[in-house]
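1. Just the structure for this:
(2 chains)
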Amino acid sequence: MSAAQRSAALRAHRGPVLLALPTIVFLLVLFAIPVARLMLLSVETGTLEPYEKALTDPLYLKVLLDTGKIALIVTVLCFMLGYPVAYFLTVAPRAWQVVGLFCLLMPFWTSILVRTYAWMVLLGRRGVVSETLLSLGIIDAPMTFLHSLPAVLVGMVHVLLPYLVFPVYAVMQRIDPNLMQAAHGLGAPGWRAFWRVYFPLTMPGVLSGASLVFILSMGFFITPVLLGGGRVMMIAVLIEQQVREFLNWEFAGALSATLLVFTLCVYAAFRRLMGADRQLV
Amino acid sequence: MNTGTPIMRTVLYAWSGIVFLFLMLPIFIVFPISFSSARYLRFPPPGFSLKWYQAYLNDPAWMAATETSIKVAIGTTVLATLLGTMTAFSLVRGRYPGKSWVDRLVTAPIIVPNIIIAIAIYGLFAQFRLIGNWLGVMIGHTIYAIPFVVLVVGAALRTFDPAQEQAAMGLGASRLTAVWRVTLPQLRPAIVSAAFLAFITSFDELIIAMFLSGSNSTLPKKMFENIIMEIDPTISAVSVLQILLVGIVLFLASRFGAGINPVKT
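-> Got it, this is the predicted structure:
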């Protein structure tokens, strides 16, 4: 392209900024500014006390750490369950692939609320799990599995698993199967070819899936409320409580800022690992 | 492709089978319970009945919530698809300073947890007495749905060859006509998919609706309140209907759109 052509092309491309203008105004006024104001509420009133409370009070610090811990466990569980499934989808015969994708997509598109409700039915005192264990003689009185950390983990992994499988699967599909053959041909045993050749190639998918799962876990609300029943406290639940029950907007703002900064750090770390040209979703 | 030893293959298949079962379990369970004749949740159900579907259809509160949800979802679909498609054009075709910031602003609602979006707009709308108005919920859902539309339409637009548009313009069409007659028809599958995606996103959303809908509950909010108060099989009937609705939407999307495939986006 000559310089003249390039400048003509540039001029033609400048118009599109107007197309984004309605969205920019919409999101600035109704999203970015309200979120920023929420976080600066305490600063406006001239005190940083809510921030201090959020970051130093052991009670709230524990909620923050617990949230991080839960997000980490969920991410690891999703990886352990999801990575082999993504591999299965890549190598299985066509018919199995279709069945597998259906099993991933069907729950993926079902509302989180519906699925959480189903887990309550499954894990409750008179639920399927309790009744089954009872009839097998493993437990001798009906018991509930609800209102516990494992229940929350089950619910969260169920919601987030597809977010790990899809990016990993997408990457695996693009890997040339001949690479593994070549590694075999050069004398590497199966597991070694897998760890040294195949696994590193799937890392972009793993990283993108895992960071997505981690980021989404941090903000979880419905599952901890319904399956944790007050015994599992996560930061989103705490924020909701502060606004709804205590009308403590300044503190809710400080907690929101903490959650957001943490989320953005994970996101930024991921972008750095992947190189800036990749998109998360 | 070499999948290793037969033992490894068996382990892989068994493991995947268990995970698929785990994924489908909640969906399998909701169906029989919605047809149960028992007042309390019992599994397996003692008898067959349609009374929970009747309970849903005859309850004005459930009906009002359904109506609100549909109104909000349709409004969100129209607004988010319109704004999102225009923005996708701007981001893919435009070259202007600050574009990366526009990109960040537009994708931010995916990264920012819903609870933060919800209380931030709640604070704003409370000042303007917009709580309890379905338009408020619609605006909240649109914020959340715009990034999905931009991603889906943007991805399709990136694979579209602008030379086709230039050819139309070379033959005497104005830019607007060229976009309208040449580009948009080819993007239609992606736009339709994005619209369905926006619809489902809004129809299933709870947290924003919880804060903004006030006494004018959406379906998820009504379900949430019922679950908190008491577990009653009416919710499973509503769940089944919701699963069916999403199924229909997905079918329509794959029939008339480019499908809603999260692998490709």
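2. quick one: the helices in the stretch 101-250 of chain B?
-> All helices of the stretch 101-250 of chain B, identified by DSSP state H, counting those that start in this stretch, fall at B:114-127, B:134-158, B:163-170, B:175-178, B:184-204, B:207-212, B:219-229, B:234-256.
3. who touches residue A:73 in this structure?
-> Counting by C-beta atoms under 8 Å, 6 or more residues apart in numbering or on different chains, residue A:73 touches residue A:153. Bear in mind the C-beta positions are built from the backbone N, C-alpha and C, glycine included.
4. which SS class is it?
-> Secondary structure state of residue A:73, per DSSP: H, G, I helix; E, B strand; the rest coil, is helix.
5. gap between it and residue B:164?
-> Remark: distance between residue A:73 and residue B:164 (C-beta to C-beta, to the nearest Å) = 50 Å.
6. Return the most buried member of the helices of the stretch 101-250 of chain B.
-> Among these, the stretch with the highest mean neighbour count (mean count of other C-beta atoms under 10 Å in any protein chain shown) is helix B:207-212, at a mean of 26.
7. which secondary structure elements does it contact?
-> Using 3 or more C-beta pairs under 8 Å, 6 or more residues apart in numbering or on different chains; DSSP states H and E as the contact criterion, the elements in contact with helix B:207-212 are helix B:114-127, helix B:134-158, helix B:219-229.
8. how about a cut-off of 6 Å?
-> Secondary-structure packing of helix B:207-212 (3 or more C-beta pairs under 6 Å, 6 or more residues apart in numbering or on different chains; DSSP states H and E): helix B:114-127, helix B:134-158.
9. Dump the first one to PDB, keeping only the CA atoms.
-> The C-alpha trace of helix B:114-127 is given here as PDB (Å, rounded to 0.1, in the frame of the first residue of the first chain):
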ATOM      1  CA  ASN B 114     -22.100  -9.300  38.800                       C
ATOM      2  CA  ILE B 115     -22.600  -8.400  42.400                       C
ATOM      3  CA  ILE B 116     -20.500  -5.200  41.900                       C
ATOM      4  CA  ILE B 117     -22.400  -4.200  38.800                       C
ATOM      5  CA  ALA B 118     -25.700  -4.900  40.700                       C
ATOM      6  CA  ILE B 119     -25.000  -2.700  43.700                       C
ATOM      7  CA  ALA B 120     -23.400   0.000  41.700                       C
ATOM      8  CA  ILE B 121     -26.500   0.500  39.500                       C
ATOM      9  CA  TYR B 122     -28.700  -0.100  42.500                       C
ATOM     10  CA  GLY B 123     -27.200   2.900  44.200                       C
ATOM     11  CA  LEU B 124     -27.600   5.000  41.100                       C
ATOM     12  CA  PHE B 125     -31.200   3.900  40.300                       C
ATOM     13  CA  ALA B 126     -32.400   4.300  43.900                       C
ATOM     14  CA  GLN B 127     -31.700   8.100  43.400                       C
END
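10. what about that helix, distance to the chain center?
-> 20 Å (C-alpha atoms, centre = their mean, to the nearest Å).
11. Give me the helices and strands touching it, please.
-> Applying 3+ C-beta pairs under 6 Å, 6+ apart, we find helix B:114-127 packed against helix A:33-44, helix A:235-244, helix B:207-212.
12. Output the ones you listed in CSV, with distance to residue B:65 appended to each entry.
-> As requested, those are arranged in CSV below (distance: least, C-beta to C-beta, whole Å):
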stretch, distance to residue B:65
helix A:33-44, 26
helix A:235-244, 20
helix B:207-212, 10
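13. what's the most buried one of those helices?
-> With neighbours taken as mean count of other C-beta under 10 Å, the helices and strands packed on helix B:114-127 reach their highest mean count in helix B:207-212, at a mean of 26.
14. Quick check: the residue of chain A nearest chain B.
-> In chain A, the residue found nearest to chain B is residue A:219; the distance is 2.7 Å by C-beta to the nearest C-beta.
15. can you pull the pLDDT of the residue nearest in space to the middle of chain A?
-> For chain A, the residue sitting closest to the mean C-alpha position, by C-alpha atoms, centre = their mean, is residue A:213 at 2.4 Å. pLDDT, residue A:213: 95.
16. Now do the buried residues in stretch A:164-173.
-> Along stretch A:164-173, the positions that meet the burial threshold by neighbour count (16 or more other C-beta atoms under 10 Å in any protein chain shown) are A:164-172.
17. I misspoke; the intended subject was stretch A:65-76.
-> A:66-68, A:70-71, A:73-75.
18. ok, which residues in the stretch 51-200 of chain A are in contact with chain B?
-> Where proximity means C-beta under 6 Å from any C-beta of the partner chain, the interface of the stretch 51-200 of chain A facing chain B comprises A:81, A:84-85, A:88, A:91, A:103, A:107, A:109-111, A:113-115, A:117-119, A:121-122, A:128, A:166, A:170, A:177, A:180, A:190.
19. Cool, thanks, talk later.
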